[in-house]
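Undergrad: I'll drop the sequence and a predicted model, then ask my questions.
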Amino acid sequence: MRNIFNFVKTAAKAVKSKISAVATAVRTAVFRLAVRSNTMLAETRAENFVDSGIKILIAVVIGALLLGGLYALFGDTIMPTVTDKVEDMFNFKG
């Protein structure tokens, strides 16, 4: 009977040490994850994808507006004047 109690006592100690080791490993892993996530959230060097997307969208819109303005300016103002001057040069009767 005494051997059974010693065996149970030894097994309980072994289980307790394994549980303690697993708990320590889990605690360490959680702490590392917390430190890593805190570092990533505090990081200010990198740009966010949303910021880059907004910058690209703004550049495309401004470029389209400039291109449309230049197209309207050349189509309505500059090209008719140039066309008239070229026709006048070729129709010169001097």
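TA: Okay, I see it. Values in this document were obtained by computation on a predicted structure and should not be read as measured data.
Undergrad: make it CA atoms for all contacts and neighbour counts henceforth
TA: Fine.
Undergrad: lowest-pLDDT helix or strand in this structure?
TA: helix 79-90 (a mean of 82; mean pLDDT, DSSP states H and E).
Undergrad: name the residues of that helix that are buried.
TA: Across helix 79-90, burial judged by 16 or more other CA atoms under 10 Å covers no residue at all.
Undergrad: so how far is that helix from its chain's centroid?
TA: Taking CA atoms, centre = their mean, to the nearest Å, the mean C-alpha location of helix 79-90 is offset from the chain mean by 53 Å.
Undergrad: and the gap between the residue most central in space within the chain and residue 73?
TA: Centroid-nearest residue in the chain: residue 49, 2.6 Å away (criterion: CA atoms, centre = their mean). According to CA to CA, to the nearest Å, residue 49 stands 36 Å off from residue 73.
Undergrad: same check, this time on residue 29
TA: Distance from residue 29 to residue 73, by CA to CA: 65 Å.
Undergrad: cool, residue 26 as well?
TA: Counting by CA to CA, the gap from residue 26 to residue 73 is 69 Å.
Undergrad: now residue 31
TA: 64 Å.
Undergrad: and the helix or strand harbouring residue 55, how far from the chain's centre?
TA: Using DSSP states H and E, residue 55 maps to helix 49-73. Relative to the chain's own centre, helix 49-73 is displaced by 20 Å; criterion: CA atoms, centre = their mean.
Undergrad: same check, this time on stretch 43-60
TA: Worked out by CA atoms, centre = their mean, stretch 43-60 lies 7 Å from the chain centre.
Undergrad: show residues contacting the helix holding residue 55.
TA: Helix 49-73 is contacted from outside by no residue at all, using CA atoms under 8 Å, 6 or more residues apart in numbering.
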